[in-house]
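S.K.: quick one, structure for this:
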Amino acid sequence: MNLIFLHGSGCSKNVWDQQLSFFDGSIALDLPGRSNGEVLESVNDLAQWLIDYINDHALENVVLVGHSLGAAVVMQAALLADKNIKGIVLIGAGARLKVIPQLITSLSALVDKLASIPDSFLQANENIPEPFKTNINAAIKENGAQTMLDDFNLCDKFDVMEQLENIHLPVKIIVGEKDRMTPMKYASFLHERITHSELTVIENGTHMVFAEQAEVVNKHIQGFVERVIA
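M.R.: Take a look at the predicted model:
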């Protein structure tokens, strides 16, 4: 079994450090648009990029784990029905990820001024333990406002609400009880419309629940992977 992790908007693969140390041989990828290639124009393009990665590296029996934008990419990849994908885990996910216009405007202003990302944009990471919080925040600031803006624009265009019934893989949905960015109603919507899905709500978790409560989330991912293998 090959486990691949995909991060959310503005982030880098280091958000998954607590997962990589738990799951031997697992892989975390940086989405294009950072230091590894051009910005892609849609989540569908990102999903095709992911499938190309899987095929180019001859990976079989793959379970994909995605957070937020990464979860959108994972869902889109599942809809492309690649034979090597055996299951998916969606964390802080939504079938549609509309972004409030004020956030797009604020990021655009930062880009125009060539300004760095202020700490106010990192409040969602407050409950992540050290040193992971500092490392994650540093990577976000290094990626910069343009990367975050590009990612949020991809989110804003993403919508698979009418396609969820076409996902036929086993699906694990994980959401933090106090997630305000992709609240529990988003997770419930996914669970109701994806036939082979199971939903787990993490008590006191927020949008970055996998980094806040890594031990708890890792156990849920591990149990799901074991069931997929079985």
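S.K.: can you give me the helices in the chain?
M.R.: 17-20, 43-56, 69-79, 101-112, 132-157, 184-193, 209-212, 214-229 (DSSP state H).
S.K.: flag the shaky bits of this structure, pLDDT-wise.
M.R.: 35-37 (pLDDT under 70).
S.K.: ok, residue 15 - contacts?
M.R.: Each residue near residue 15 by Cβ atoms under 8 Å, 6 or more residues apart in numbering is listed here: 7-8, 28, 67, 136, 139, 208, 210-211. Where you see a C-beta, it was placed from the backbone N, CA and C, and this is true even at glycine.
S.K.: excluding residues flanking it in the chain, which one is nearest it?
M.R.: Nearest residue to residue 15, sequence neighbours excluded (Cβ to Cβ, 6 or more residues apart in numbering): residue 7, at 4.9 Å.
S.K.: residues contacting the one you found?
M.R.: 13, 15-16, 28, 30-31, 67, 69-70.
S.K.: 7 Å - rerun?
M.R.: If a contact means Cβ atoms under 7 Å, 6 or more residues apart in numbering, then residue 7 has 13, 15-16, 31, 67, 70 as its contacts.
S.K.: which residues touch the residue most central in space within the chain?
M.R.: In the chain, the residue lying closest to the centroid (Cα atoms, centre = their mean) is residue 67, at 2.0 Å. Residue 67 makes contact with 7-8, 91-92, 210 under the criterion Cβ under 7 Å, 6+ apart.
S.K.: ok, what's across the strand from the closest residue in space to residue 191 that isn't next to it in sequence?
M.R.: Nearest-residue entry for residue 191: residue 199, 4.2 Å, with adjacent residues in sequence omitted and distances by Cβ to Cβ, 6+ apart. Beta bridges link residue 199 to residue 173 when assigned by DSSP bridges.
S.K.: picking that back up, between the contacts of residue 67, which is nearest residue 21?
M.R.: residue 210 (13.1 Å; Cβ to Cβ).
S.K.: check contacts around the closest one.
M.R.: Residue 210 neighbours (Cβ under 7 Å, 6+ apart): 19, 67, 91, 217.
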